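Trainee: task: produce atomic coordinates for the following.
(3 chains)
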Amino acid sequence: MDESFTEAVLETVERVPAGHVVTYGLIAERLGRGGARQVGRVMALEGAAVPWWRVVRADGSLPPHLMVDAQRHWRDEGTPVRRGRVIVAEALAPGF
DNA sequence: CGTGTGACTGGGC
DNA sequence: GGCCCAGCCACAC
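Mentor: From the prediction side, this is the model:
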């Protein structure tokens, strides 16, 4: 993966409004390159620089080690959650 | 060049 | 709902 892909992913994440989310797969689809795993790779390496809690798995969850902090952010932003997972169908960012 | 790994997914049970 | 599994694809060894 090259640097432009990394920047494209981070820029997409920064555009997601508070209270909304996008999935790894949707970001890849939107960019037209890479795949969910590649987006996940970018987040693992540089996600700390952006609102990473607005990028979730297709089922609205995140890896175990991030769930505690993520839930705090989702609560603060009023993101629709159920059983600890974001309700993707309701929280999906406009335009996705 | 073969293998293992992982902030992923969709399908099957 | 949860678990498993194959497919996925860039990367490190």
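Trainee: hey, let's count contacts and neighbours off CA atoms from now on
Mentor: Will do.
Trainee: what residues are bridge-paired with the residue positioned nearest the centre of chain A?
Mentor: Geometric centre of chain A, nearest residue: residue A:55, 0.7 Å, by Cα atoms, centre = their mean. Listed by DSSP bridges, the beta-bridge partners for residue A:55 are residue A:22.
Trainee: ok, it to residue A:12 distance?
Mentor: According to Cα to Cα, to the nearest Å, residue A:55 stands 10 Å off from residue A:12.
Trainee: what does chain A put close to DNA strand B?
Mentor: Counting by Cα under 7 Å from any atom of the strand, chain A comes close to DNA strand B at A:23-26, A:36-41, A:43-48, A:52-53, A:55-59, A:62-63.
Trainee: tell me which of these fall in helices.
Mentor: Mapping those onto helices (DSSP state H) picks out A:24-26, A:36-41, A:43-46.
Trainee: for the residue lying closest to residue A:81 once chain neighbours are set aside, give its distance to residue A:57.
Mentor: Spatial nearest neighbour of residue A:81, excluding adjacent residues (Cα to Cα, 6 or more residues apart in numbering): residue A:87 at 5.4 Å. Using Cα to Cα, residue A:87 is found at 11 Å from residue A:57.
Trainee: which residue does chain A have closest to DNA strand B?
Mentor: Closest residue of chain A to DNA strand B, Cα to the nearest atom of the strand: residue A:44 (2.8 Å).
Trainee: give me the number of residues near that residue?
Mentor: Look at residue A:44: counted by other Cα atoms under 10 Å, it has 11 neighbours.
Trainee: and for residue A:67?
Mentor: Residue neighbour count, defined by other Cα under 10 Å, stands at 15 for residue A:67.
Trainee: same question, residue A:10
Mentor: Residues near residue A:10, counting by other Cα under 10 Å, number 21.
Trainee: quick check: pLDDT value at residue A:1.
Mentor: The per-residue pLDDT reported for residue A:1 equals 50.
Trainee: hmm, back to that, was I right about the residue nearest to the centre of chain A contacting residue A:26?
Mentor: No - using Cα atoms under 8 Å, residue A:55 is not in contact with residue A:26; the gap is 9.7 Å.
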